[in-house]
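Chemist: Structural data only, the sequence is not supplied:
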């Protein structure tokens, strides 16, 4: 045994991992999977039979939950895939700034000011119109792998 001290420089942030492993054969439609480093919602899964010397393969078609791009991947069904931790949180909309950022009220009463308006035209116009009319709006924020985006809107009545 050596008497040297070992020093480790850790660049990882303390806390939970952004993904967890799951066997490819157990991932189903409407689940989530990481394809090419992006968190995706699975829209189609097909499994091919084993060949003469091989594994059954799973063909995943997923849609990126933030950009909406379609991505595909083929993985042996016995291998593990990364599955992203996807969370949805509701916040009350307080204000929309001119530069496209929103001010949101958290459950604890603090404000969250680091989110941009969504790029989806339909959702964007619903948020802007509802806010202009003075309605109380609650937005759902989807977060995964260090990214966050407004994904839905609820109207809880006039102010």
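Modeler: Perfect, I can see it now. These numbers come from a predicted model, not from an experiment.
Chemist: Can you name the residues that contact the spatially most central residue of the chain?
Modeler: Geometric centre of the chain, nearest residue: residue 144, 3.5 Å, by CA atoms, centre = their mean. Shown in contact with residue 144 (CB atoms under 8 Å, 6 or more residues apart in numbering): 18, 32, 39, 65-66, 84-87. (Each C-beta comes from the backbone N, C-alpha and C, glycine too.)
Chemist: try 10 Å this time
Modeler: Going by CB atoms under 10 Å, 6 or more residues apart in numbering, residue 144 touches 18-19, 32, 34, 38-40, 65-66, 84-88.
Chemist: do residue 33 as well
Modeler: Contacts of residue 33 by CB under 10 Å, 6+ apart are 19, 22, 24, 27, 39-42, 45, 58, 60, 62, 71, 73, 75, 81-84.
Chemist: of those, buried ones?
Modeler: Listed as buried from these are 19, 24, 27, 39-40, 42, 45, 58, 60, 62, 71, 73, 75, 81-84; burial here means 16 or more other CB atoms under 10 Å.
Chemist: would residue 126 count as being in a helix?
Modeler: Yes: according to DSSP: H, G, I helix; E, B strand; the rest coil, residue 126 belongs to a helix.
Chemist: so it touches residue 120, yeah?
Modeler: Yes: using CB atoms under 10 Å, residue 126 makes contact with residue 120 at a distance of 9.4 Å.
Chemist: In three-state terms, how would the nearest residue to residue 147 once chain neighbours are set aside be classified?
Modeler: Nearest non-adjacent residue to residue 147, counting by CB to CB, 6 or more residues apart in numbering: residue 66, 5.6 Å away. Using three-state DSSP, the structure places residue 66 in coil.
Chemist: Restricted to strands, list the contacts of residue 33.
Modeler: Of the contacts of residue 33, the ones assigned to strands by DSSP state E are 19, 22, 39-42, 45, 58, 60, 62, 71, 73, 75, 81-84.
Chemist: so what pLDDT did residue 12 get?
Modeler: You'll see residue 12 listed with a pLDDT of 45.
Chemist: How is this protein divided into domains?
Modeler: With domains defined by the TED database, the chain comprises 19-84, 86-155.
Chemist: now do the same end-to-end measure for the last one.
Modeler: If I follow you right, that is domain 86-155. 23 Å (CA to CA, to the nearest Å).
Chemist: How many neighbouring residues does the nearest residue to residue 117 once chain neighbours are set aside have?
Modeler: In space, and not counting its chain neighbours, residue 117 is closest to residue 100: 5.1 Å by CB to CB, 6+ apart. Residues within reach of residue 100, counting by other CB atoms under 10 Å, total 12.
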